[in-house]
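Asker: the following comprises the amino acid sequence and a computationally predicted model.
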Amino acid sequence: MPRDRIYLSPPHMSGQEQTYINEVFESNYIAPLGAFVDRFEESIKGYTGAENAVALCSATAGLHLALRVLGIEKDDYILASSFTFIGSVNAILYQNAKPIFVDSDESWNISPKLLRKAIEEAPKKPKALIITHLYGQLCKVDELVAICKEEGIYLIEDAAESLGASFKQKQSGTFGDMAVYSFNGNKILTTSGGGMLVSHNEEWIEKAKFLSTQSKEDFLHYEHKEVGYNYRMSNVLAAIGVAQMEVLSKRIERRREIFGLYKEQLSCIEEITFMPGIAKSRGNRWLTTLTLSKTNPLKVIEALEKENIESRPLWKPMHMQPLFKDAISVLDGTSKRLFECGICLPSGSSMSDNDVQRVCTVLKGVL
Ligand SMILES: *Cc1c(COP(=O)(O)O)cnc(C)c1O
C-alpha cells in the first residue's frame, strides 16, 4: 500500500488566502496593480525592517533589476558564491556581465577569505558581489559587508531562501545595498510565484519599479526612452502573499522544529553532519540539509523514493555547470565536496512529527 507522498517543501496555506483573493475579485482589481500589492510590500518592510520594497513576478527578476539599477553593464565583473541556485546568477548573463565564482567555507556559504583572493586576482575591479544565504542560514555578513565597504563593491543579498532569518537580530536582506526574497512554490512562504526587491535606497527602488513596468515615461501616449521589463507582481498573487505573511513566524518556528527533530533522531549516526549556523545567527532552516562521510547520497535518495518520500542532492555549484565552463572561479574544493556528499530532506512546515519519523526510519535503515 503506497503511503502518502512526502514532498521536499510543498506550499502551506494559512486558510486566509481565499478570503483575500475574493476581496480582489469583488473589487475587480485583478490587474495590473491594486491595494494588496501595497499591503504585501508594507508587510515585508514591517517584518524585515527593509526600508523600501517592490513586489515582482520573481526573485530572479529582482536580481536582474538590482544589476540594472546599480549600472552593471557588458563585461563588468560580478562576484558570486558558486554554491547556489542558478536563479542567483542568471541575471549576470542577462546583463552580458561576467561572473567570478567564489567557493564556500565551513559555514557552507561564501568564504570571505577566498572572496579577498578573488578580488585580488580579478582581471579588473568587480562592481558587485551577490551572496546567497543558503538553505536559510546566514552568510558571514559582518566580514562580507566590511570587505565590500573597503573595496567599494556593491553588496547584493540573495535572500530567496532566507526570509525571516537573522544575524544579531538583524534580518537577512537588510545587510547589503539591495536584496531579494522569493515566493516561489517551494520557499518558506509562497504566492505560487513571486519575489520582492528591497533596499535602503529609495531612489533605486523607484527606478526598479519604473523598469519593472516597461519603463513607461509619465505621458498619456506611452513614451519610452530605455529598455524595460514586465516584472511586476499581480494583485491576485499579492493577496496570497499578504495572507502568507500573517503566518510567517509560525512557519519559521515549525521549520526549525523539524530540523530539531531530525537532529535528535539522526545525531546517533556518526557519518551525518548537519549544515551549521554561524554564531549569533538564527536561520529559518528552510530545508534541513546534511552531508554523509561514507555512504553515497544517491543511495539514500533512492531508498526514500521507494517509500514515496522526495529528497534532493544539494545545489550543484555554478563552477561545475556547463553554462559557466569558461567563467573565472576561485576554489578550494569545498562546494564540490558538499555537492557530492549532501542531501536535502523533506522540510515543509506542514509535515507532521510522524512524517519526520517516517523519513528517519528510512535513513536509519540505509546508514
Ligand atoms: C528560489 C531561488 C531563487 C529564484 O527565485 P524565483 O523567485 O523562483 O526567481 C534564487 N536564488 C535562490 C538561492 C533560490 O533558492
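Answerer: Here it is on my side, so go on. Residues are numbered from 1 along each chain as shown.

Asker: for the stretch 251-367 of the chain, which spans come out with low pLDDT?
Answerer: For the stretch 251-367 of the chain, no stretch is flagged by pLDDT under 70.

Asker: in it, which spans are strands?
Answerer: Assigned by DSSP state E, counting those that start in this stretch, the strands in the stretch 251-367 of the chain fall at 272-274, 281-282, 288-292, 312-313, 328-330, 342-345.

Asker: would CSV of those strands with distance to Asp158 be doable?
Answerer: (Glycine included, C-beta is placed from N, CA and C.) As requested, the strands of the stretch 251-367 of the chain are exported to CSV (distance: least, Cβ to Cβ, whole Å):
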stretch, distance to Asp158
strand 272-274, 22
strand 281-282, 16
strand 288-292, 17
strand 312-313, 19
strand 328-330, 18
strand 342-345, 17
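
Asker: wait, which of these is closest to Ile147?
Answerer: Closest to Ile147 of the strands of the stretch 251-367 of the chain, according to Cβ to Cβ: strand 328-330, at 13.5 Å.

Asker: quick check: the residue of the stretch 201-350 of the chain nearest the ligand.
Answerer: Nearest residue of the stretch 201-350 of the chain to the ligand: Trp315, at 7.7 Å (Cβ to the nearest ligand atom).

Asker: not counting sequence-adjacent ones, nearest residue to that residue?
Answerer: Phe85 (5.4 Å; Cβ to Cβ, 6 or more residues apart in numbering).

Asker: over to Arg3?
Answerer: Excluding its sequence neighbours, the residue lying closest to Arg3 (Cβ to Cβ, 6+ apart) is Asn308, at 5.6 Å.

Asker: next, count neighbours for the one you found.
Answerer: 13 (other Cβ atoms under 10 Å).

Asker: ok, it touching Asp355?
Answerer: No. Asn308 lies out of contact with Asp355 (Cβ atoms under 8 Å); the separation is 11.1 Å.

Asker: can you pull the residues that touch both of these two?
Answerer: Ile6 (Cβ atoms under 8 Å, 6 or more residues apart in numbering).

Asker: so which bits of the protein are right by the ligand?
Answerer: 58-60, 84-85, 87-88, 132, 158, 160-161, 182, 184, 195 (Cβ under 6 Å from any ligand atom).

Asker: ok, 5 Å please
Answerer: Selection of the chain residues close to the ligand by Cβ under 5 Å from any ligand atom yields 58-60, 85, 87-88, 132, 158, 160-161, 182, 184, 195.

Asker: helices - which of the residues you listed land there?
Answerer: Counting by DSSP state H, the residues of the chain next to the ligand place 59-60 in helices.

Asker: and the residues of the chain next to the ligand, which two are furthest apart?
Answerer: Ser58 and Thr132 (15.4 Å).

Asker: which of the two has more neighbours?
Answerer: The neighbour count for Ser58 versus Thr132, taken as other Cβ under 10 Å, is higher for Thr132 (26 against 20).

Asker: what's near enough to touch that one?
Answerer: Applying Cβ under 8 Å, 6+ apart, the residues near Thr132 are 81, 83-85, 88, 109-110, 139, 158, 160-161.

Asker: is it in a bridge, and if so with what?
Answerer: Asp158 (DSSP bridges).

Asker: okay, it: pLDDT?
Answerer: Note on Thr132: pLDDT of 98.

Asker: just Asn28 next, same as before
Answerer: On the pLDDT scale, Asn28 gets 89.

Asker: what do you get for Lys225?
Answerer: Looking at Lys225, its pLDDT is 91.

Asker: and for it, the neighbour number?
Answerer: For Lys225, the count of nearby residues is 8 (other Cβ under 10 Å).

Asker: nearest residue to it other than its sequence neighbours?
Answerer: Glu217 (6.2 Å).

Asker: neighbours around Phe324, how many?
Answerer: 19.

Asker: i'd like the first residue to be 13 from this point on
Answerer: All set: I'll call the first residue 13, so the last point we hit is now Phe336.

Asker: just the helices in the stretch 163-312 of the chain please.
Answerer: 214-224, 247-257, 260-278, 309-318 (DSSP state H, counting those that start in this stretch).

Asker: winner for burial among those?
Answerer: Here the criterion is mean neighbour count by mean count of other Cβ atoms under 10 Å, and of the helices of the stretch 163-312 of the chain the winner is helix 247-257, at a mean of 24.

Asker: could you chop the chain up by domain?
Answerer: As recorded under automatic domain parsing, the domains making up the chain are 28-257, 260-378.

Asker: what ranges does the stretch 113-262 of the chain have for its strands?
Answerer: 140-144, 166-170, 178-179, 182-183, 190-194, 207-211.

Asker: find the nearest non-adjacent residue to the residue nearest the centre of the chain, please.
Answerer: For the chain, the residue sitting closest to the mean C-alpha position, by Cα atoms, centre = their mean, is Ala172 at 2.1 Å. Closest residue in space to Ala172, ignoring its immediate chain neighbours: Ser194 at 3.6 Å, by Cβ to Cβ, 6+ apart.

Asker: got the contact list for that neighbour?
Answerer: So Ser194 contacts 70-71, 99, 172-173, 175, 206-207 (Cβ under 8 Å, 6+ apart).

Asker: what bridges to it?
Answerer: Those that pair with Ser194 in a beta bridge, by DSSP bridges, are Gly207.

Asker: what does the pLDDT read for it?
Answerer: So Ser194 comes in at 98 (pLDDT).

Asker: let's verify Ser26: helix, strand, or coil?
Answerer: State at Ser26, reduced to three classes by DSSP: H, G, I helix; E, B strand; the rest coil: coil.

Asker: tell me how many other residues crowd it.
Answerer: There are 19 residues near Ser26, going by other Cβ under 10 Å.

Asker: and for the one 5 residues further on?
Answerer: Residues within reach of Thr31, counting by other Cβ under 10 Å, total 11.

Asker: lovely, talk soon.
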